[in-house]
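Trainee: Give me a 3D structure for the following:
(chains A and B)
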Amino acid sequence: MADATIQHDVIAEHAAPGAYEAPLFGAYSKKVGMWLFLASDSLTFGALLFAFSYNRLSMAAWPTPFGKESIANATIMTACLLSSSLTMVLGVFAAQRHDRAWTRNWLLATMAFGTAFIVLHGMEWTKLIGEGLTLPGFPKIAGNGEYAAVSQAVPQFPACFFGLTAMHMLHVTIGVIYLGVVALRKKFLPILAVLWIGGYFLIPSDNVFHYGIHVLGLGLMLATVILFLKPKDYDAHDVEVSGLYWHFVDLVWMFIFPLVYLMSTKI
Amino acid sequence: MHDVAVHDDSKGQYFWVWGALLLLTAIEVILAYNQVFQPVRMLEVLLVLSIIKSAFIIAYFMHLKFERALMRWMLVFSVSACFVIMYFFFFPDADRILQLGVK
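Mentor: Numbers count the residues shown, from 1 in each chain, chains lettered A, B, ... in the order given. Next comes the predicted model:
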């Protein structure tokens, strides 16, 4: 990982006076740019987490709808994200020793863990909505479960829960697409197209993910523009920068899991 | 102080960090599952554990530990300062609503 950091002295030695300015942080610009984006994105999630906590504190009768099954599910999701961070680190190591095959393999493993997280989260959402937890802006499901009463009594709960977890799920989905582009480049585009079209027709129309799957369509368009307008062979720096984004997604979940799930347990 | 990032590249430490993160997650789940503390104390304990976990992720997985001191401190200080400001805006109001008994 020594090449990940620009040596200040080397630049100063080889540059003509005034031609280059030594980087302030001693890191290449893509990495600094990603860190700045992550700093700003952390404030987005910070605001959402504060809003959730604010509502939690200001409502004396905050619902606790998460039973054993939900907690077990969320724990497995957490393990998936933590494991994906490890495979991402191994992918960065492989990229730095120019081992293209293992870079791709570790990135694909990271994507698999991320996809498992999204699928498990989607199943959890579908179960909660089916039992009456109202998703803001989505037609109400005619469920008469205990969550219907929760939505009636404390509408802030489903609004905060779905708002926060949807934002995180969107970030995980973007992360999987980002890693797919870095790992497979143009070969990833038809895979993404099949997932998008297939998902749209396979998911029933009364399921929120029937509409949410269009995120993949938007990702496909963006990835196509990037890959055709600026085709390149992604190097170790690109893999490291994509890893920073991925670890950030993991990091945010470390706060969502205890605040949203563990503080609302119904054991 | 070293201005340029210098660090150990051994993979073993990342497996240890991964294991520690899984262990801390297990502790969180056990504490919540058994409802060991009252809600406010539970929130404090879970937040402390989450901050420890996030510190591991930022320091090792995101390699911030191995970046220049200037980059480390600029990022940590600026983001932390923003969260502290947010805290002082949000929570006194939430507490005030509770005191007023607004439903």
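
Trainee: Distance from stretch A:28-44 to the middle of the chain?
Mentor: Distance of stretch A:28-44 from its chain centroid, counting by CA atoms, centre = their mean, to the nearest Å, is 15 Å.

Trainee: Equivalent analysis for stretch A:29-49, please.
Mentor: On CA atoms, centre = their mean, the centre of stretch A:29-49 falls 13 Å from that of its chain.

Trainee: Just the C-alphas of it, formatted as PDB.
Mentor: Taking only C-alpha atoms (Å, rounded to 0.1, in the frame of the first residue of the first chain), the coordinates of stretch A:29-49 have been written out as PDB:
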ATOM      1  CA  SER A  29      -6.600  13.500  -5.700                       C
ATOM      2  CA  LYS A  30      -9.100  10.700  -6.300                       C
ATOM      3  CA  LYS A  31      -8.600   9.500  -2.700                       C
ATOM      4  CA  VAL A  32      -8.900  13.000  -1.300                       C
ATOM      5  CA  GLY A  33     -12.000  13.600  -3.400                       C
ATOM      6  CA  MET A  34     -13.700  10.400  -2.100                       C
ATOM      7  CA  TRP A  35     -12.800  11.300   1.500                       C
ATOM      8  CA  LEU A  36     -14.400  14.700   1.100                       C
ATOM      9  CA  PHE A  37     -17.500  13.100  -0.500                       C
ATOM     10  CA  LEU A  38     -17.700  10.700   2.400                       C
ATOM     11  CA  ALA A  39     -17.300  13.400   4.900                       C
ATOM     12  CA  SER A  40     -20.300  15.300   3.400                       C
ATOM     13  CA  ASP A  41     -22.300  12.000   3.000                       C
ATOM     14  CA  SER A  42     -21.700  11.200   6.700                       C
ATOM     15  CA  LEU A  43     -23.500  14.500   7.500                       C
ATOM     16  CA  THR A  44     -26.500  13.300   5.400                       C
ATOM     17  CA  PHE A  45     -26.700  10.100   7.400                       C
ATOM     18  CA  GLY A  46     -25.900  12.000  10.600                       C
ATOM     19  CA  ALA A  47     -28.900  14.200  10.000                       C
ATOM     20  CA  LEU A  48     -31.100  11.200   9.400                       C
ATOM     21  CA  LEU A  49     -29.800   9.400  12.500                       C
END
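
Trainee: What are the buried residues along that stretch?
Mentor: Residues A:31-32, A:34-35, A:38-39, A:41-42, A:45-46, A:48-49 are the ones in stretch A:29-49 that count as buried (16 or more other CB atoms under 10 Å in any protein chain shown). (Each C-beta comes from the backbone N, C-alpha and C, glycine too.)

Trainee: Those into a markdown table, with extra columns for pLDDT?
Mentor: Listed next are these as a markdown table, based on pLDDT from 0 to 100:
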| residue | pLDDT |
| --- | --- |
| A:Lys31 | 90 |
| A:Val32 | 90 |
| A:Met34 | 94 |
| A:Trp35 | 93 |
| A:Leu38 | 95 |
| A:Ala39 | 93 |
| A:Asp41 | 95 |
| A:Ser42 | 94 |
| A:Phe45 | 94 |
| A:Gly46 | 92 |
| A:Leu48 | 91 |
| A:Leu49 | 90 |
